[in-house]
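Trainee: Sequence first, predicted model second:
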Amino acid sequence: MDVTKLPLLATLTGRMAWLNTRQQVLAKNIANADTPGYIPKDLKPLQFRDLVQSEGAKLAPRATSAGHLQGTKGRERFSGVEQKETYETTPDGNGVVVEEQLMKVSQTAGDYQTATNLYRRYLSMFRTAIGRN
């Protein structure tokens, strides 16, 4: 039995993947803090419904006859959006506020640690239930 297929672990894995992608986007924002005209980006908040739909959308359509149309490639799992409001903009048009980005990085790291702890506790409970400590 593959324990990673359990619904709670799959949800936690999806959440951790979203947090990892968000951390990468925030790191790019900080790296471009001196780039003229750069607008900081962030991911859309992860909704539980979207996570469940993306887990179910892993099956690709398959043509069983020459007359069938081929399926299309699924959309990206996490999509980035431009940040609509910034606290300040520099004269060269850069909208990155490093303090704001660092606060988001810290929040994302805390959320990732929480998801990791839940994952670890769930696996520990599963091991206890099957008699392995």
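Mentor: That came through, no problem.

Trainee: wait, doesn't Arg22 sit right on Lys44?
Mentor: No - applying C-beta atoms under 8 Å as the test, Arg22 and Lys44 come out as separate, 9.9 Å apart. The C-beta positions use only the backbone N, C-alpha and C, and glycine is treated the same way.

Trainee: Between those two, tell me which one has more neighbours.
Mentor: Per other C-beta atoms under 10 Å, whichever of Arg22 and Lys44 has more neighbours is Arg22, with 23 against 12.

Trainee: need the contact list for the residue lying closest to Thr35 once chain neighbours are set aside.
Mentor: Nearest residue to Thr35, sequence neighbours excluded (C-beta to C-beta, 6 or more residues apart in numbering): Asn94, at 6.2 Å. Asn94 makes contact with Asn32, Ala33, Asp34, Thr35, Pro36, Gly37, Tyr38 under the criterion C-beta atoms under 8 Å, 6 or more residues apart in numbering.

Trainee: wait, which of those residues is closest to Glu99?
Mentor: Glu99 lies nearest to Ala33 out of the contacts of Asn94, by C-beta to C-beta, at 10.6 Å.

Trainee: if I look at the residue nearest to that closest one when sequence neighbours are not counted, how far off is Tyr38?
Mentor: Excluding the flanking residues, the one nearest Ala33 by C-beta to C-beta, 6+ apart is Val96, at 4.5 Å. Using C-beta to C-beta, to the nearest Å, one gets 6 Å for the distance from Val96 to Tyr38.
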